[in-house]
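> below are the sequence and a predicted model for it; my questions follow.
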Amino acid sequence: MTHALVEAREITKDYRMGEETVHALRGVSIRVERGEFVAIMGASGSGKSTFMNMVGCLDVPSGGALLVDGVETAAMDSDALAELRNRTIGFVFQQFNLLARTSALDNVAVPLIYAGVPPAERRERARAKLGAMGLGDRLDHSPAKLSGGQQQRVAIARALVTEPKILLADEPTGALDSATSDEIMHIFQERNDEGITIVLVTHEADIARYARRRIQFRDGRIISDEPVTDRMIAA
Ligand code: ADP
Ligand code: MG
């Protein structure tokens with residue numbers, strides 16, 4: 001019996017804001033198995049990013065249990081979280097979050113520094129990942145010299161260069177036009193077909209149709225969780 005890649009049991013997250021407490025997650029339970037492609041939808045403020053940050057080991061829940069690749073994260077300190085994150089998670093964001101004035105190659109190589117990979121191997125692996133994203137001729141370009149879609153492909157290469165088990169993407173097409181969004185979803189579907197597990201946040205129903213399973217958040221809770229029956233394949 002193998003463990004789920006993500007197992008959340010009734011997780012809660014409270015943020016203290018002076019006198020007020022924001023209940024961002026109010027008891028969320030999910031199992032994500034290897035090879036799944038999950039789309040998380042829900043209105044702004046429903047807790048999607050908070051949930052992703054917990055799964056991505058950027059923060060820990062206030063209550064409940066969260067196992068990432070079989071490891072309970074709730075009691076972990078920041079070093080242990082960083083180690084689990086580096087070993088297990090690749091994260092892609094809406095705004096790409098690339099280092100400015102830094103080449104595509106060096107951006108992609110950064111996670112390998114933390115993983116303790118020697119410099120020559122870092123460059124080799126970064127070059128290979130950028131090549132797989134169709135950016136083999138853009139290695140020395142800084143983000144400012146790349147289009148939005150190219151920047152997001154650099155960010156995806158950076159997320160994948162450590163060979164993570166789970167790719168998390170929080171509104172990855174939110175800053176892109178629809179043709180470019182389809183290119184990004186094509187990359188995600190290809191990677192998922194190769195076996196990587198993907199959890200994607202989107203508020204666009206059309207983007208969610210590229211996934212295999214659709215989960216809806218409302219007010220810090222899951223209100224539906226079902227297979228995508230009208231799935232689209234990105235060309
Ligand atoms: P979504 O990604 O679905 O838009 P979020 O997870 O960002 O929602 O936010 C859920 C709720 O938690 C919102 O009310 C938001 O204002 C609050 N929240 C999120 N992050 C923080 C934080 N760091 N400090 C305080 N409140 C936060
Ligand atoms: Mg969000």
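Great, that's in hand. Ligands and ions are numbered 1, 2, ... in the order given.

> give me the neighbour count for Val199.
Residue neighbour count, defined by other C-beta atoms under 10 Å, stands at 26 for Val199. For every residue, glycine as well, the C-beta is placed using N, CA and C.

> then Asn86?
Close neighbours of Asn86, defined as other C-beta under 10 Å, add up to 17.

> and if you look at Gly70?
Gly70: 12 neighbours (other C-beta under 10 Å).

> residue contacts, the residue nearest to it when sequence neighbours are not counted?
Leaving aside its sequence neighbours, Gly70 sits nearest to His3 (C-beta to C-beta, 6 or more residues apart in numbering; 3.8 Å). Counting by C-beta atoms under 8 Å, 6 or more residues apart in numbering, His3 makes contact with 67, 69-70.

> tell me who's in contact with Asp71.
No, residue 71 isn't Asp; it's Val. Leu84.

> what bridges to it?
Beta bridges link Val71 to Val68 when assigned by DSSP bridges.

> roughly how far does it sit from ligand 1?
For Val71, the distance to ligand 1 equals 23 Å [C-beta to the nearest ligand atom, to the nearest Å].

> tell me the residues of the chain that contact ligand 1?
Proximity of the chain to ligand 1 (C-beta under 6 Å from any ligand atom) is limited to residues 15, 17, 22, 24, 42, 44-50.

> quick one, phi psi at Met76?
Main-chain dihedrals, Met76, degrees, to the nearest 10: phi -80, psi 150.

> skip the chain neighbours and tell me the closest residue to it.
Met76's closest residue in space is Val60 (C-beta to C-beta, 6+ apart), at 6.6 Å.

> Ile156 too?
Val92 (5.7 Å).

> show residues contacting the host helix or strand of the one you found.
Per DSSP states H and E, Val92 falls inside strand 89-93. For strand 89-93, the surrounding residues in contact (C-beta under 8 Å, 6+ apart) are 55-58, 68, 152, 155-156, 158-160, 162, 164-172.
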